[in-house]
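**Student:** my questions concern the predicted model and sequence given below.
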Amino acid sequence: MTDLFSPDSPTNAAEFTVSEISNALKRTVEDAYGNVRVRGEISGYRGPHSSGHAYFAMKDDRSRLEAVIWKGTFQKLRFRPEEGMEVIAQGRLTTYPGSSKYQIVIESLEPAGAGALMALLEERRRRLAAEGLFDASRKQLLPFMPKVIGVVTSPTGAVIRDIIHRISDRFPLHVLVWPVRVQGETTGAEVANAVAGFNALPRDGPIPRPDVVIVARGGGSLEDLWGFNDEAIVRAVAGSLIPVISAVGHETDWTLIDHAADMRAPTPTGAAEMAVPVKAELEATLARLAARLGNGEARSLDRKRQALRA
């Protein structure tokens, strides 16, 4: 009879080294899950690492999956990952033999529907409102007759043409355009830098400092306008010493910049109308006032003559 506990017992099980079994598992996982879509909540996100890669986890109510976005992919994402955001990630599963772990290497990332974005937006709105960034007491009045208008928008497209055309029709003056991308991952940083840049211009410098700043883009979906819900934009607009008019999207589109701005316009063209008066109307008003003044002076002079005759 053979001793089953003897080290010399025959067996059909193959023998692997640790590296061999780890690499075999890696190949199996990558072959079976080379392209997957995973829905979950982002957890542990602290921004990109100094290397440019982003590390976090995706979780649901029962499980947790480690995730990584390599630098090159991260730079191309339409949306930045945000803590607590529910997302759908597409990528591939792989293992890390050095520590018996597996993770998803994310190649594209999108919010898990408009509901997830709306929930995130509402949470952010409440938090920023609690800081007082939307308070009416912070709002500035627009100057009646500005000399320079600053516009933060895309340098191409209908928006900037409409603004310049309307200002030219109403009251021709100096318009400065700070070009930015109005959609995509970099929108928040670019628009915030533009507002801060206009504020940093010296009043007597070679580039005239705007008296009013218009931040504008055309309409779009919630995803298209998402960059204007960026916290950096809200803080830059709320802290601007130059009055800011928000003109993002159509009249029914609301973003967080609208709450922080000093005025909100229903359209970019409407922002131009808010920013400057109509020169022809001012001239007509001045002409009427001058006529009334002249008539008043004439009547006063006539009364004085009659008094002298008397």
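**Tutor:** That came in fine, so what should we check first?

**Student:** please name the nearest non-neighbouring residue to L128.
**Tutor:** V234 (5.5 Å; Cβ to Cβ, 6 or more residues apart in numbering). (Glycine included, C-beta is placed from N, CA and C.)

**Student:** report how many residues lie close to the one you found.
**Tutor:** Per other Cβ atoms under 10 Å, the neighbour tally for V234 reads 27.

**Student:** can you give me the end-to-end distance of stretch 260-276?
**Tutor:** End-to-end distance of stretch 260-276 (Cα to Cα, to the nearest Å): 21 Å.

**Student:** name the residues that touch it?
**Tutor:** With contacts defined as Cβ atoms under 8 Å, 6 or more residues apart in numbering, stretch 260-276 is touched by 128, 133-134, 139-142, 145-146, 149, 153, 159, 162-163, 166-167, 170-171, 173, 212, 214-218, 233-235, 237-238, 243-247, 250-251, 258.

**Student:** OK, contacts around the residue nearest to L128?
**Tutor:** V234 makes contact with L128, L133, L256, I257, H259, A260, according to Cβ under 8 Å, 6+ apart.

**Student:** now with 6 Å, please.
**Tutor:** L128, L133, L256, A260 (Cβ atoms under 6 Å, 6 or more residues apart in numbering).

**Student:** phi, psi for the nearest residue to the second one once chain neighbours are set aside please.
**Tutor:** So that's L133. Leaving out its chain neighbours, the residue that sits closest to L133 by Cβ to Cβ, 6+ apart is A238, at 4.3 Å. Backbone torsions for A238, taken as degrees, to the nearest 10, come to phi -60, psi -30.

**Student:** what of A189?
**Tutor:** Per degrees, to the nearest 10, the backbone of A189 is at phi -70, psi -40.

**Student:** can you pull the pLDDT of it?
**Tutor:** Looking at A189, its pLDDT stands at 92.

**Student:** just give the closest residue to it, not the sequence neighbours.
**Tutor:** In this structure, A189 finds its nearest non-sequential neighbour in A232, 6.0 Å apart by Cβ to Cβ, 6+ apart.

**Student:** what helix or strand does that neighbour sit in?
**Tutor:** Per DSSP states H and E, A232 falls inside helix 231-238.

**Student:** adjacent strands (with direction) for the helix or strand following that helix?
**Tutor:** For helix 231-238, the following helix or strand on the C-terminal side (DSSP H and E) is strand 244-248. Next to strand 244-248 in the sheet, as set by DSSP bridges, lie strand 212-217 (parallel), strand 263-264 (parallel).

**Student:** which residues touch A194?
**Tutor:** Neighbours of A194 in contact, by Cβ under 6 Å, 6+ apart: V152, W178, V180.

**Student:** whichever of these end up buried, select them in ChimeraX.
**Tutor:** Per 16 or more other Cβ atoms under 10 Å, the buried members of these correspond to this ChimeraX selection:
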select :152,178,180
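
**Student:** could you dump the contacts of A194 to JSON lines with pLDDT and secondary structure?
**Tutor:** Shown next, in JSON lines, are the contacts of A194 (pLDDT from 0 to 100; DSSP: H, G, I helix; E, B strand; the rest coil):
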{"residue": "V152", "pLDDT": "97", "secondary structure": "strand"}
{"residue": "W178", "pLDDT": "97", "secondary structure": "strand"}
{"residue": "V180", "pLDDT": "96", "secondary structure": "coil"}
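
**Student:** what is the nearest of the contacts of A194 to E41?
**Tutor:** Closest approach between the contacts of A194 and E41, by Cβ to Cβ: V180, at 30.8 Å.
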